[in-house]
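Colleague: Have a look; sequence and predicted model below, questions after that.
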Amino acid sequence: MPNPGTLSLHSTAHATPAGGVVVIHVTGMLDATTREEFSGYLDSAADDQGPGMVLDLAGVTFMDSRALGLIVHHWQRATGAGADFALVGVQYPSSKVMWVTGLSQRLPMYDTLDEALAAFGADGERLG
């Protein structure tokens with residue numbers, strides 16, 4: 001099992017009825033010590049594969065407000081470009097900052113990747 005303080009990022013591509021989307025699987029802590037790595041990875045994914053993405057946060061052990069700010073930035077980038085964006089596997093204990101800020105009510109969140117991908121094609125609508 002990886003050290004909970006170590007950030008691990010990997011991505012997979014998925015086709016959806018609304019087009020392609022990159023799924024970024026995140027494991028570990030999202031805080032000041034991993035911000036630069038997380039930011040660079042999200043920027044590279046968006047630049048290389050387009051702004052549409054799903055962030056799988058099921059493996060996140062802690063998230064601070066700076067990491068949440070990066071997530072909000074990429075949500076806005078995706079929706080501004082007419083692309084899909086969603087979060088999956090968000091756990092309250094490790095992501096309390098989403099609830100404290102009220103963003104848990106605004107960000108598109110799903111329990112599973114399948115639910116998020118299915119929502120992307122629902123009635124031709126985009127998430128955001």
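Modeller: Yep, it's here.
Colleague: Please make it C-alpha for all contacts and neighbour counts, starting now.
Modeller: Will do.
Colleague: number of nearby residues for the residue nearest to Ala67 when sequence neighbours are not counted?
Modeller: Spatially, and ignoring its direct neighbours in sequence, Ala67 is nearest to Leu30 (5.7 Å; CA to CA, 6 or more residues apart in numbering). Leu30 has 27 neighbouring residues, counting by other CA atoms under 10 Å.
Colleague: For this structure, which residue occupies the most central location?
Modeller: Closest residue to the average C-alpha location of the chain: Leu55 at 2.4 Å, with CA atoms, centre = their mean.
Colleague: Not counting the strand or helix carrying that residue itself, show me its contacts.
Modeller: Applying DSSP states H and E as the criterion places Leu55 in strand 53-63. Contacts to strand 53-63, defined as CA atoms under 8 Å, 6 or more residues apart in numbering, come from residues 4-5, 21-31, 46, 78, 84-91, 93-97, 113, 116.
Colleague: which residues in the protein form strands?
Modeller: Taking DSSP state E, the strands of the chain run over residues 8-16, 19-30, 53-63, 85-88, 109-110.
Colleague: Quick check: which of those strands is nearest to Gly40?
Modeller: With CA to CA as the measure, strand 8-16 is the member of the strands of the chain nearest Gly40 (10.8 Å).
Colleague: For the closest one, the averaged confidence score.
Modeller: Strand 8-16 shows a mean pLDDT of 69.
Colleague: Helix or strand with the lowest mean pLDDT in this structure?
Modeller: The least trusted helix or strand in the chain, going by mean pLDDT, DSSP states H and E, turns out to be strand 8-16, with a mean of 69.
Colleague: who's Leu9 bridged to?
Modeller: Here Leu9 sits in beta bridges with Val26, going by DSSP bridges.
Colleague: For it, grab the count of nearby residues.
Modeller: Per other CA under 10 Å, the neighbour tally for Leu9 reads 15.
Colleague: Quick check: it vs Ile24, distance?
Modeller: 7 Å (CA to CA, to the nearest Å).
Colleague: Also Asp47?
Modeller: In this view, Asp47 and Ile24 are 14 Å apart by CA to CA.
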